[in-house]
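Asker: dropping a prediction and its sequence here:
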Amino acid sequence: MENNKIAVGLDIGTTKIVAIIGRKNEYNKIEVLGIGKAKSLGVKRGVVNNITQTIQSIQQAVDEAESVSGQKINEVIVGIAGQHIRSLHHSDYITRTNADEVIEEKDIDDLVNQVHKLVMLPGEEIIHVLPQEFKVDSQPEIKEPIGMYGGRLEANFHVVVGQVSSIRNIGRCVKSSGLNLADITLEPLASASAVLSQEEKEAGVALIDIGGGTTDLAIFKDGIIRHTAVIPFGGNVITEDIKEGCSIIEKQAELLKIKFGSAWPGENKETEIVSIPGLRGREPKEITLKNLSKIIHARVQEIVEHVYLEIKNYGHETQKGKLIAGIVLTGGGSQLKHLRQLVEYITGMDTRIGYPNEHLAGDGDESLSSPSYATAVGLLMEGLRKQEKEIEVFVQEPQVIIENTTEENIEEHRKEAIVEEKKRKTKQRGKTFFEKFTERFKEFLDNAE
């Protein structure tokens, strides 16, 4: 049954749009059936700025994935990022009317809904309300308060906020491409699913996803997401600097960065020179690799320092907030030569490059294990996880068959049905607040038609 269940992740990035189709194989690994890529023309720093071009790019990527896999794509899981995403910490509490009753899911929902009513800046909306830990009658550090007695329920929340218009534009592009929006996930969370292990999330880890337009940060500690941030610089700014600094065109700057670029200027000698063909009838340009790496180093250092400031703001230098597993770099920008060493040098934290191949079946496309596909693979994983949840809930559905319709029998079956329904609701309690947001967002999109 699970083998014919396919899901599709759609990563709408600043440099490329990727559609990836996959399913779980018998070993519970992800088998990628097809992948489609298109140059992203209508997205700048993670935000859609040209609807028509973005729709064309999405359709191109989806068509390619369909022809490779032989599958028809109807619905997709989409990631959101962009410079408009910000996060904040908030504490809130509710006073329960009856302290003699145990805390239920409803109480937590009431508390979360109260946080959703926070007044944001004009045009902003709360995307994500993630409880960190709870307090019941001043008893701190409770991870799961359901089933406990208490009059006052308090919690610390990690609140992710984004611009309504930017989120709506992504939804509009997906719908106009003839696709249904199955779910929306914050991109740093998707990348984290693809490249981080549970042990790292428990020990404390910072995931830095360096994309074309933005650098996303997600910090985990004790298995819970603690901090998220989007820094509006990525690989494209480095290319832009090379273009300006060496007076060459963008295409050449990008090639130079990929082939000869290094984040560590000390390793190049003054004599190492690369020659670039001049524009129509002009002399070729000679660029020293030392100069090239100086330009790259300056910009990469700025990006890493921005990210490190966010890690410090989270509280990495405190005993309680220490990130034992250090830093994991992923995204296309993480492939820059000597970047890992530079990050270790600036932050003093252990660093590794995160590849999404751990969850993929061994016989897949080699290029898929590149860090630049971390978000796309993570979105695909989210899609498959969502389907498994739906199957579980479907299997749990109570089926009440009444054979002898005496009043006692009906009453007995009614009680059984109530018990089953309670069990099912408990099962469904796993539904994240983000999923609830997605449902509301889908309604919002439909109403805006």
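Answerer: Structure received.
Asker: all strands for the stretch 51-200 of the chain, in order.
Answerer: In the stretch 51-200 of the chain, the segments counted as strands under DSSP state E, counting those that start in this stretch are 75-80, 86-95, 124-136, 139-142, 152-163, 180-186.
Asker: quick one: contacts of the fourth one?
Answerer: By C-beta atoms under 8 Å, 6 or more residues apart in numbering, the residues outside strand 139-142 that reach it are 133-136, 148, 150. To be clear about C-beta, it is placed using only N, CA and C from the backbone, and glycine gets the same treatment.
Asker: run a quick neighbour tally on Gln319.
Answerer: Here the count is done by other C-beta atoms under 10 Å, and Gln319 has 6 residues near it.
Asker: same deal with Ile303?
Answerer: Number of residues near Ile303 (other C-beta under 10 Å) recorded here: 21.
Asker: Ile103 now?
Answerer: Neighbour count for Ile103, taken as other C-beta under 10 Å: 21.
Asker: surely it and Gly151 touch.
Answerer: No - the pair Ile103 / Gly151 is not scored as a contact, 10.0 Å apart, by C-beta atoms under 8 Å.
Asker: identify the contacts common to these two.
Answerer: Shared contacts of Ile103 and Gly151 (C-beta under 8 Å, 6+ apart): Arg96.
Asker: now Lys5. Nearest residue, chain neighbours left out?
Answerer: Using C-beta to C-beta, 6 or more residues apart in numbering and skipping residues adjacent in sequence, the residue nearest Lys5 is Gln387, 5.1 Å away.
Asker: look up phi and psi at the one you found.
Answerer: When read as degrees, to the nearest 10, the backbone of Gln387 gives phi -60, psi -40.
Asker: give me the number of residues near it?
Answerer: 17.
Asker: residues touching Val230, list them.
Answerer: 46, 81-86, 188, 214-217 are the contacts of Val230 under C-beta under 8 Å, 6+ apart.
Asker: could you redo the last one with a cut-off of 6 Å?
Answerer: By C-beta atoms under 6 Å, 6 or more residues apart in numbering, Val230 lies in contact with 81, 83, 85, 214, 216.
Asker: got it, and Val195?
Answerer: With contact set as C-beta under 6 Å, 6+ apart, Val195 has these partners: 330, 354, 356, 374.
Asker: what about 10 Å?
Answerer: By C-beta atoms under 10 Å, 6 or more residues apart in numbering, Val195 lies in contact with 207, 209, 328-331, 334, 352-359, 371, 374-375, 377-378.
Asker: same thing with Gly223?
Answerer: By C-beta under 10 Å, 6+ apart, the contact set of Gly223 is 143, 198-204.
Asker: again, only this time at 7 Å
Answerer: Applying C-beta atoms under 7 Å, 6 or more residues apart in numbering to Gly223 gives the contacts 198, 201-202.
Asker: what do you get for Pro356?
Answerer: Contacts of Pro356 (C-beta under 7 Å, 6+ apart): 194-195, 369, 373-374, 377.
Asker: now do 8 Å
Answerer: With contact set as C-beta under 8 Å, 6+ apart, Pro356 has these partners: 194-195, 330, 368-369, 371, 373-374, 377-378.
Asker: got any ranges where the stretch 151-300 of the chain has weak pLDDT?
Answerer: Along the stretch 151-300 of the chain, the parts satisfying pLDDT under 70 run over 268.
Asker: run the last query once more with 80
Answerer: When residues are selected by pLDDT under 80, those of the stretch 151-300 of the chain lie in 266-271, 278-281.
Asker: which stretches in it count as helices?
Answerer: Secondary structure of the stretch 151-300 of the chain (DSSP state H, counting those that start in this stretch): helices at 164-176, 187-195, 198-203, 235-246, 250-260, 289-314.
Asker: identify all contacting residues around the first one.
Answerer: So that's helix 164-176. Contacts for helix 164-176 (C-beta under 8 Å, 6+ apart): 10, 12, 42, 47-48, 51, 54-55, 58, 76, 78, 80, 82, 84, 123-125, 127, 180-181, 184, 441, 444-445, 448.
Asker: before we move on, back to that, the contacts of Pro356, buried ones only, as a ChimeraX selection?
Answerer: Selection of buried members from those for ChimeraX, criterion 16 or more other C-beta atoms under 10 Å:
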select :194,195,330,368,371,373,374,377,378
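Asker: the contacts of Pro356 into a markdown table, with extra columns for secondary structure and distance to Arg226?
Answerer: Converted to a markdown table, the contacts of Pro356 look like this (DSSP: H, G, I helix; E, B strand; the rest coil; distance: C-beta to C-beta, whole Å):
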| residue | secondary structure | distance to Arg226 |
| --- | --- | --- |
| Ala194 | helix | 19 |
| Val195 | helix | 17 |
| Thr330 | strand | 18 |
| Leu368 | helix | 29 |
| Ser369 | helix | 28 |
| Pro371 | helix | 23 |
| Tyr373 | helix | 26 |
| Ala374 | helix | 20 |
| Val377 | helix | 23 |
| Gly378 | helix | 18 |
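Asker: okay if I get the contacts of Pro356 as a markdown table plus distance to Ser176?
Answerer: Listed next are the contacts of Pro356 as a markdown table, based on distance: C-beta to C-beta, whole Å:
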| residue | distance to Ser176 |
| --- | --- |
| Ala194 | 28 |
| Val195 | 31 |
| Thr330 | 30 |
| Leu368 | 28 |
| Ser369 | 32 |
| Pro371 | 30 |
| Tyr373 | 25 |
| Ala374 | 27 |
| Val377 | 26 |
| Gly378 | 25 |
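Asker: so what's the spatially most central residue of the chain up against?
Answerer: What sits nearest the mean C-alpha location of the chain, by C-alpha atoms, centre = their mean, is Glu187, with 2.1 Å. By C-beta under 8 Å, 6+ apart, the contact list for Glu187 reads 11, 46, 79-81, 209, 216, 375, 378.
Asker: tell me which of the strands of the stretch 51-200 of the chain is the most buried.
Answerer: strand 75-80 (a mean of 24; mean count of other C-beta atoms under 10 Å).
Asker: export that one as PDB, just CAs?
Answerer: Provided in PDB are the C-alpha atoms of strand 75-80 (Å, rounded to 0.1, in the frame of the first residue of the first chain):
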ATOM      1  CA  GLU A  75      -0.400  18.300  -5.400                       C
ATOM      2  CA  VAL A  76       2.900  19.600  -3.900                       C
ATOM      3  CA  ILE A  77       4.500  20.400  -0.500                       C
ATOM      4  CA  VAL A  78       6.000  23.900  -0.800                       C
ATOM      5  CA  GLY A  79       8.700  25.500   1.400                       C
ATOM      6  CA  ILE A  80       8.600  29.200   2.400                       C
END
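Asker: quick one: strands adjacent to it?
Answerer: As defined by DSSP bridges, the strand partners of strand 75-80 come to strand 7-12 (parallel), strand 180-186 (parallel).
Asker: if we can go back for a sec, among the contacts of strand 139-142, which one lies nearest to Ile324?
Answerer: Glu133 (18.8 Å; C-beta to C-beta).
Asker: do I have it right that that closest one meets Glu144?
Answerer: No - applying C-beta under 8 Å, one finds Glu133 not in contact with Glu144, separated by 9.8 Å.
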